[in-house]
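Chemist: Any chance you can model this:
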Amino acid sequence: MARVVVDVMPKPEILDVQGQAVTRALGRIGVSGVSGVRQGKHFELEVDDAIDDETLDRLAGSLLANPVIEEWTVTRL
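Modeler: So this is what the prediction gives:
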């Protein structure tokens, strides 16, 4: 079995409302110096060694991410 990490983030041109809310909240609790936050998703998968990178990328793009507004990276650990 292999461990795979898929990180999904909004594309840079997409407004990240959740990230903006976190940025504002940091200011309200007295944290300064943070000018921006982008919030994404992190998935850890246990997969059979026989699953190739192309299949993992297809899985991420069709199930874990919305390819219209998000980008993703797949990393084997």
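Chemist: those helices in this protein, which residues are they?
Modeler: 17-28, 53-59 (DSSP state H).
Chemist: Enumerate residues external to the last one that contact any of its residues.
Modeler: Counting by C-beta atoms under 8 Å, 6 or more residues apart in numbering, helix 53-59 makes contact with 4, 6, 45, 47, 74, 76, all of which sit outside it. All C-beta atoms are positioned from the backbone trio N, CA, C, and that covers glycine.
Chemist: how about the nearest residue to the first one once chain neighbours are set aside, what does it touch?
Modeler: Once its chain neighbours are removed from consideration, residue 4 has its nearest residue in residue 45; the separation is 4.5 Å (C-beta to C-beta, 6 or more residues apart in numbering). Residues near residue 45 by C-beta under 8 Å, 6+ apart: 3-6, 56.
Chemist: Could you identify which of the residues you listed has the most neighbours?
Modeler: residue 6 (21 neighbours; other C-beta atoms under 10 Å).
Chemist: If that one is in a bridge, with which residues?
Modeler: Note on residue 6: beta-bridge partners residue 43, residue 74, judged by DSSP bridges.
Chemist: Residue 60 is in contact with that one, correct?
Modeler: Yes - using C-beta atoms under 8 Å, residue 6 makes contact with residue 60 at a distance of 4.8 Å.
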